[in-house]
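Engineer: With the input below, show me the fold.
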Amino acid sequence: MILDNETMFSKAQGPLTATAPSTSVVDLGAGDAGPSERLSLFVTCNPPFTGAGTLTVELQTAAGVSGDALSSPAVAAAYSIANAALLAGGKLLSARLPHGMKRYARLNYTLSTGATLAAGKLTAGLALDTDAA
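Structural biologist: As a prediction, this is how the structure comes out:
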């Protein structure tokens, strides 16, 4: 998988102690690449998390951006990642972009209530033809 700085949401972001947006917003250009394209979202974790809890990764999209924030973001998709996967680390998610994407996108990382996750760092972005999760 070849990575491009312009299509990265997070580079070794973490550890997460609370709900947090990705460190970067990605400009998709015209938007709505959709599942017919080969562009995929990926999320990896290195080092792995320690502790207990789950992580939900929301793919958010909007037509506009203000600074580092999306203007009126909508959730295009949400992916729940189980504790066992977080503790194992490595590839956590690989999914095609859904239809309905607007020009800008970012991720929002939400920890489950009472999560005690620590240590893990997330790297996430868009790439062509990622391996299946």
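
Engineer: ok, and the residue of the chain most remote from its centre, which helix or strand is that part of?
Structural biologist: Computed with C-alpha atoms, centre = their mean, the residue of the chain farthest from its C-alpha average is residue 114, at 21.3 Å. Assigned by DSSP states H and E, residue 114 belongs to neither a helix nor a strand.

Engineer: Tell me the pLDDT of it.
Structural biologist: Residue 114 carries a pLDDT value of 88.

Engineer: Identify the residue nearest it in space, chain neighbours excluded?
Structural biologist: residue 53 (7.0 Å; C-beta to C-beta, 6 or more residues apart in numbering). The C-beta positions use only the backbone N, C-alpha and C, and glycine is treated the same way.

Engineer: Return the distance of the one you found relative to residue 87.
Structural biologist: Computed with C-beta to C-beta, to the nearest Å, the distance linking residue 53 and residue 87 is 10 Å.

Engineer: ranges for the helices of this protein?
Structural biologist: Applying DSSP state H to the chain gives helices spanning 83-88.

Engineer: ok, so what distance separates the most centrally placed residue in the chain from residue 6?
Structural biologist: Note on the chain: the residue nearest the mean C-alpha position is residue 107, at 4.4 Å, using C-alpha atoms, centre = their mean. Residue 107 sits 15 Å away from residue 6, going by C-beta to C-beta.
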